[in-house]
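S.K.: sharing a model that was predicted from the sequence below.
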Amino acid sequence: MTDSTTQLPVAAVEERIGAFLEAKTKTTWERDVDLFASGAVSSLFAMELVVFVEGAFGIQVEGADLAMDNFRTVERMSALVTRLHSGGDGA
């Protein structure tokens, strides 16, 4: 049985985020590429990313965590997801 304290494997998180990005942008992204600096992803798309990570990983992204910097790369999104999923949001 799985519960909310179960650790998410970073590689699995990155793979799922990468698959979402690839489906939306028709581009495969390296985990450390700045999506916004590349010009392929807009700030409006950042809201789609927020909605996706919340739904896909059962977390809530609020307050300071809504910073665009947390969504710049697959690597940063994965770090955010694993931190929030493990209860590292201070709640």
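M.R.: Done, it's in. Numbering: from 1, shown residues only.
S.K.: what's the neighbour count on A23?
M.R.: By other Cβ atoms under 10 Å, the residues close to A23 number 8. Every C-beta, even on glycine, is put in place using the N, C-alpha and C of the backbone.
S.K.: tell me which element it is part of?
M.R.: Assessed by DSSP states H and E, A23 sits inside helix 10-25.
S.K.: do the same with V41
M.R.: Under the criterion of DSSP H and E, V41 resides outside all helices and strands.
S.K.: quick thing: my sequence starts at 16, can you match it?
M.R.: Done: numbering now begins at 16, and the last item shifts to V56.
S.K.: nearest spatial neighbour of it, chain-adjacent residues omitted?
M.R.: Closest residue to V56 apart from its sequence neighbours, by Cβ to Cβ, 6 or more residues apart in numbering: L50 at 4.0 Å.
S.K.: could you pull out the helices for this structure?
M.R.: 25-40, 58-72, 89-100 (DSSP state H).
S.K.: buried sites along the shortest one?
M.R.: To tie it back to what came earlier, the one meant is helix 89-100. By neighbour count on 16 or more other Cβ atoms under 10 Å, the buried set for helix 89-100 is 89-97, 99-100.
S.K.: report the distance from it to the chain centre.
M.R.: Distance, stretch centre to chain centre, for helix 89-100: 6 Å (Cα atoms, centre = their mean, to the nearest Å).
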